[in-house]
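Asks: What follows is a predicted protein model with its sequence.
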Amino acid sequence: MTETTAATQQTEAGDLGQALAALLRRYLEGAREAVSDLPGGPRGFQVLLTASEGACGNQATIAERLGIDRTVMTYLVDDLEQAGMVERRPDPADRRARQVVLTASGEKVLAAAAESIRAVELAVLGALSDDDAVVLKRLLVTAAADAPPTDHSACGVPPC
């Protein structure tokens, strides 16, 4: 492929960075409003969602996975714990580490917040058909996936 052909294809397809930035701005604006009553807003939602998955749920691993500074993560989990949505438990693989585990209240809050976030996703991707929106989300999740954490946490070990 020649440079001219590559440049033409890039122009026709648009710039990925600009498109992602525009979608992210719209998503974050909607997400902030949708989960404004949740400690930490969208970040709090992400922590609850990640903790609900069960695997690799220690505080440091969640912080790394979400790109949240460990100090900020501590305050965020403190706020979620004070609200009764999560509790910290010793990580069976490393008693110095703490797993972040959803409480029954946290599960209910997460379910309601997930519905609100889903509405935001539908609005942000409203120009796409339902099928295309599902495909785009799946492709973005796949593209963004990192390798599994290589730390010492008890990935996949059920909470005590």
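Replies: Nice, thanks for sending it over. Given the structure is predicted, the values throughout are model-derived calculations rather than measurements. Numbering: from 1, shown residues only.
Asks: C-alpha from now on. contacts and neighbour counts both.
Replies: OK.
Asks: measure Ala60 to Met85 for me?
Replies: Distance of Ala60 to Met85, given as C-alpha to C-alpha, to the nearest Å: 18 Å.
Asks: SS state for the spatially most central residue of the chain?
Replies: In the chain, the C-alpha closest to the average C-alpha coordinate belongs to Gln46, at a distance of 4.0 Å (C-alpha atoms, centre = their mean). For Gln46, the reduced secondary structure class is helix; criterion used: DSSP: H, G, I helix; E, B strand; the rest coil.
Asks: Check the gap between it and Pro39 for me.
Replies: Gln46 sits 11 Å away from Pro39, going by C-alpha to C-alpha.
Asks: So, low pLDDT: which residues of the chain?
Replies: Counting by pLDDT under 70, the chain contains low-confidence ranges at 1-13, 55-56, 146-160.
Asks: Now do the helices in it.
Replies: 3-13, 16-34, 41-53, 59-66, 70-82, 104-124, 130-144 (DSSP state H).
Asks: Compute the number of surrounding residues for Gly14.
Replies: As a burial measure, the neighbour count of Gly14 was computed by other C-alpha atoms under 10 Å and equals 11.
Asks: for Gly40, that is, sorry about that
Replies: Per other C-alpha under 10 Å, the neighbour tally for Gly40 reads 19.
Asks: for the one 10 residues further on, same thing?
Replies: Counted with other C-alpha under 10 Å, residues neighbouring Thr50 total 20.
Asks: what does Val120 give?
Replies: Other residues near Val120 come to 21 when the count uses other C-alpha under 10 Å.
Asks: ok, now which ones touch it?
Replies: Under the criterion of C-alpha atoms under 8 Å, 6 or more residues apart in numbering, the neighbours of Val120 are Tyr27, Gly30, Ala31, Ala34.
Asks: The same query, at a cut-off of 10 Å, please.
Replies: Residues near Val120 by C-alpha atoms under 10 Å, 6 or more residues apart in numbering: Arg26, Tyr27, Leu28, Glu29, Gly30, Ala31, Arg32, Glu33, Ala34, Ala114, Gly126.
Asks: Which of the helices of the chain sits closest to Arg95?
Replies: Distances from Arg95 to each of the helices of the chain were compared using C-alpha to C-alpha; the shortest belongs to helix 59-66, at 12.4 Å.
Asks: Verify the contact between Lys78 and Val47 for me.
Replies: Quick fix: residue 78 reads Asp, not Lys. No - with contact taken as C-alpha atoms under 10 Å, Asp78 and Val47 are classed as non-touching, separated by 11.8 Å.
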